[in-house]
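> Structure for this input, please:
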Amino acid sequence: MRLTRVLLLWMAGFAVSPTAIAQQDPQFSQHPFTKLTVNPGFAGSNEAICGTLVYRNQWTGFGGEPKTMLFTGDMPVDVLHGGIGLSVYAADQLGAEKNLNIRGAYAYQAELGMGRLGVGVDVGYHQKSLDGSKFVFNDAGDGNIPTGNVSGGSLDLGLGVYYATDRLYVGLSSTHLQEGDIKYDNVRTSLARHYWLMAGYSLDLTPSLTLKPAMLVKSDAVSTQLDVNANLMINNRFWVGAGYRLQDAVIVTAGLEIMPNLKLGYSYDYTTSDIRTYSSGTHEVMLGYCFRPNKPIKRMFHRNVRML
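Below you'll find the predicted structure:
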């Protein structure tokens, strides 16, 4: 495919440069379910043990299109006065490049007003690899272009603040704080620091219908992306929704609670940029499980002085 060759040429240009800045992090259309991966302050905020698995196939049919698998899990830990979490980007692929990102998070949780405030940090490792056999180039003798598989990694740090009540949530965070350098073969790249702002609200329309608007803003100080959506919950079990990603896509979503605590969601992005000529859209599937363990009841004993 001609477009695939164009993409591979772009990737080759990336490789020839001795120093480059990495592309933006993956973003998910069902972002209300993937908060932990961009904000460690979320860890343990639900006071439940939760796990979420998401697969995203972006710009289907493009050739070398981005594909990402994400897992997140978090739980409260009372002895730590907060919560812990784990997020893993695996099979994150764009053309000849693959990314693996593993981060562990801790958030200190405290009651504040009508809600809970979480202040969190995550620490992990980000690995990048290139498959040189996929490059298309004119100068086969250029030593700056790898001809096989090469990889390298860097320490990765993040920081976030997250506040939530029964109705509202808002979060501010930053990932790739130290902008770590990754070197593999003759190629060196730096992780671009990202800034995230998230917010959402839950509005009861009727006893069986709840509207949940949400937004996510992402920026690397070079470009900024705005994602807004709204889901309509039906009987607290089914949901349908729509969204818009600025200058990129119109989004439709749907989902259901298969059984208590187990949710399945799907979204489809209709591309509005020039890529729509070559792509049949983006598919994203989410599977999430979350439950609240029963906390032991603390028994209180009082001595009656008259019964001494």
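> low pLDDT regions in the stretch 51-200 of the chain?
63-64, 133-147 (pLDDT under 70).
> Show me the strands in it, by range?
Residue ranges of the strands in the stretch 51-200 of the chain, as given by DSSP state E, counting those that start in this stretch, are 67-77, 82-94, 97-112, 115-131, 149-164, 168-175, 181-184, 187-190, 194-201.
> Identify the neighbouring strands of the last one in the sheet and state each direction.
With DSSP bridges as the test, strand 194-201 is paired with strand 168-175 (antiparallel), strand 209-219 (antiparallel).
> Output that strand as PDB, restricted to C-alpha atoms.
Provided in PDB are the C-alpha atoms of strand 194-201 (Å, rounded to 0.1, in the frame of the first residue of the first chain):
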ATOM      1  CA  HIS A 194       2.600  15.400  29.200                       C
ATOM      2  CA  TYR A 195       0.100  17.500  31.100                       C
ATOM      3  CA  TRP A 196      -3.500  16.200  31.800                       C
ATOM      4  CA  LEU A 197      -6.700  17.800  33.000                       C
ATOM      5  CA  MET A 198      -9.800  15.700  33.500                       C
ATOM      6  CA  ALA A 199     -13.200  16.400  34.900                       C
ATOM      7  CA  GLY A 200     -16.600  14.800  35.000                       C
ATOM      8  CA  TYR A 201     -20.100  15.100  36.500                       C
END
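> how far off strand 149-164 does it point, in degrees?
Strand 194-201 runs at 40 degrees relative to strand 149-164, counting by axes from the mean of the first three to the mean of the last three Cα atoms, to 10 degrees.
> Check the offset of strand 194-201 from the chain's centre.
11 Å (Cα atoms, centre = their mean, to the nearest Å).
> returning to that earlier point: any chance of the strands paired with strand 194-201 in a markdown table, with distance to V121 and mean neighbour count too?
Every C-beta, even on glycine, is put in place using the N, C-alpha and C of the backbone. Formatted as a markdown table, the strands paired with strand 194-201 follow (distance: least, Cβ to Cβ, whole Å; neighbours: other Cβ atoms under 10 Å):
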| stretch | distance to V121 | mean neighbour count |
| --- | --- | --- |
| strand 168-175 | 10 | 20 |
| strand 209-219 | 19 | 18 |
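> can you redo those strands as a markdown table with distance to I258?
As requested, those are exported to a markdown table (distance: least, Cβ to Cβ, whole Å):
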| stretch | distance to I258 |
| --- | --- |
| strand 168-175 | 24 |
| strand 209-219 | 19 |
